[in-house]
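Q: got a predicted structure plus its sequence, pasted below:
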There are 2 protein chains.
Amino acid sequence: MPHDLYDTIHRRRDVRGEFTGAPIPDEVLERILTAAHAAPSVGLSQPWDFVLVRDADVRRRFHDHVETERRTFAETLEGEAAERFARIKIDGVMESTLSVVVTYDAQRGGPAVLGRHAIADAGLYSVCLAIQNLWLAATAEELGVGWVSFYSEDYLRGLLGIPGEVRPVAWLCLGPVSHLERVPDLERHGWRRRRPLDTVLHADKWGNPREVVLDLRG
Amino acid sequence: MPHDLYDTIHRRRDVRGEFTGAPIPDEVLERILTAAHAAPSVGLSQPWDFVLVRDADVRRRFHDHVETERRTFAETLEGEAAERFARIKIDGVMESTLSVVVTYDAQRGGPAVLGRHAIADAGLYSVCLAIQNLWLAATAEELGVGWVSFYSEDYLRGLLGIPGEVRPVAWLCLGPVSHLERVPDLERHGWRRRRPLDTVLHADKWGNPREVVLDLRG
């Protein structure tokens, strides 16, 4: 049993409050980005790009934008949900060492991307696989990652000069952390609990409980 | 340096032709699915489901559908590209031990999914993160995974009885393999080569070469 991989997968957290801002050694960043770039991609199109954002002014402007989006979301909440949300930190843009913006270029590898003719979003899916590689590599390197999703794609395009045909997929905060929490922030703050695995498993057809599978395997 | 994770990330392949059909021990499948279910998700919504498809008739019907989609794509190709594509195996649905269909339920965790108000696709991204966890766990367990993307989402919905509001994201073939190829199939068959990492890195703004980053870090 490959203990290390499972340990990394289960220790991984979405970090907001624990970034220290300490430097990331060059060779560590190189390994993490190389891991992201080694992800599978539809038709071997590798349709991702990574913008490494260190500039403090750019990060400050993004953080301000995130705060605006936060207020927009907060206004949709009432009562207890609103109170819970008020306690939750949603980004570590200013405290983390580095931000990595990950994008999707649908033109790459075109016009005939093998495996994408039937499913237009398959290229977008590939970008997400690269993000998870990055996230796990960072976790194994004892760094934290926080995916910030309170932003408008058009705002981010303008901020970083991303061409119109390229889609921002994620703003990731990256860097050393004081520690990784054992329980996800949203669960600790009572926002939502994780579901048991069995509730998302189906055997052969949607809605067949997983026990059927165990019987078949018996 | 966490050798094992990087080894798994770089050994991972998209498998078509190397499945043996040998059984997967229950405890191995459990670890792999548990790893997928431990992925990060927007607002802790865990919007994925996994349909474990063993039924030979269902798999045969899906494989026939894939062959139809393959012909549709082949008709868009000419000359050398058409010849290269003719040599490429695009699925191992019948030879692999098990298929895992991964879906996205946008209703889960709603109506106010924290972090999804600005980016409607954020839930879809979460599902892909779970897929990459599954893929890496399988690789670490010495199994192969092949993502089949030559299908129509509506066909797959009908085949497995997936509700209209749930979106199929991936059909994954899973199982023991004779070996994992060192070079991706599409590169071995001359379809496409992998890009150097430097071509997808930008410093602070889109289009700034990565050297600028190294200087800043100096």
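A: Nice, I can see it. Numbering: from 1, shown residues only, chains lettered A, B, ... in the order given.
Q: tell me the SS of the closest residue to chain B within chain A?
A: Proximity of chain A to chain B (C-beta to the nearest C-beta) peaks at A:Cys128, 3.3 Å away. (C-beta placed from N, C-alpha, C; glycine too.) Three-state secondary structure (criterion: DSSP: H, G, I helix; E, B strand; the rest coil) places A:Cys128 in helix.
Q: and the nearest residue to it once chain neighbours are set aside, how many neighbours?
A: Sequence neighbours aside, B:Cys128 is the residue nearest to A:Cys128 in space, at 3.3 Å (criterion: C-beta to C-beta, 6 or more residues apart in numbering or on different chains). Applying the criterion other C-beta atoms under 10 Å in any protein chain shown, we find 27 residues in the vicinity of B:Cys128.
Q: tell me which element the residue most central in space within chain A is part of?
A: In chain A, the centroid-proximal residue (C-alpha atoms, centre = their mean) is A:Trp147; its distance is 4.4 Å. With the criterion set as DSSP states H and E, the secondary-structure element containing A:Trp147 is strand A:143-148.
Q: next one: A:Thr103
A: Taking DSSP H and E as the definition, A:Thr103 sits inside strand A:98-105.
Q: how distant is that strand from the center of its chain?
A: Put simply, strand A:98-105 sits 10 Å off its chain's centre (C-alpha atoms, centre = their mean, to the nearest Å).
Q: where in chain A is pLDDT low?
A: Of all residues in chain A, those with pLDDT under 70 make up the ranges A:1-3, A:211-218.
Q: max-length strand in it?
A: Looking only at chain A and at elements set by DSSP state E, the strand with the highest residue count is strand A:166-176.
Q: which strands and helices lie in contact with the helix or strand that that one is followed by?
A: Next helix or strand after strand A:166-176 toward the C-terminus (DSSP H and E): helix A:185-188. Here helix A:185-188 touches no other helix or strand, going by 3 or more C-beta pairs under 8 Å, 6 or more residues apart in numbering or on different chains; DSSP states H and E.
Q: just the buried positions in helix A:185-188, please.
A: For helix A:185-188, the neighbour count (16 or more other C-beta atoms under 10 Å in any protein chain shown) marks A:Asp185, A:Leu186 as buried.
Q: swap in stretch A:177-197?
A: Residues of stretch A:177-197 classed as buried by neighbour count (16+ other C-beta under 10 Å): A:Val177, A:Glu181, A:Pro184, A:Asp185, A:Leu186, A:Trp191, A:Arg192, A:Leu197.
Q: can you name the residues that contact the fourth one?
A: Listed by C-beta atoms under 8 Å, 6 or more residues apart in numbering or on different chains, the contact partners of A:Asp185 are A:Arg13, A:Asp14, A:Arg16, A:Gly17, A:Ile88, A:Lys89.
Q: report the contact partners of the first one.
A: So that's A:Arg13. Under the criterion of C-beta under 8 Å, 6+ apart, the contact list for A:Arg13 reads A:Thr139, A:Gly144, A:Leu180, A:Glu181, A:Pro184, A:Asp185.
Q: for the closest residue to the fourth one other than its chain neighbours, give its distance to B:Pro40.
A: Sequence neighbours aside, A:Arg13 is the residue nearest to A:Glu181 in space, at 5.5 Å (criterion: C-beta to C-beta, 6+ apart). When distances are taken as C-beta to C-beta, to the nearest Å, A:Arg13 and B:Pro40 turn out to be 8 Å apart.
Q: tell me which of the buried residues of stretch A:177-197 is nearest to B:Gly110?
A: Taking C-beta to C-beta as the measure, B:Gly110 sits nearest to A:Arg192 out of the buried residues of stretch A:177-197, at 11.1 Å.
Q: wait, the residue of chain A closest to chain B sits on B:Ala130?
A: No. A:Cys128 is not in contact with B:Ala130 according to C-beta atoms under 8 Å; the separation is 9.6 Å.
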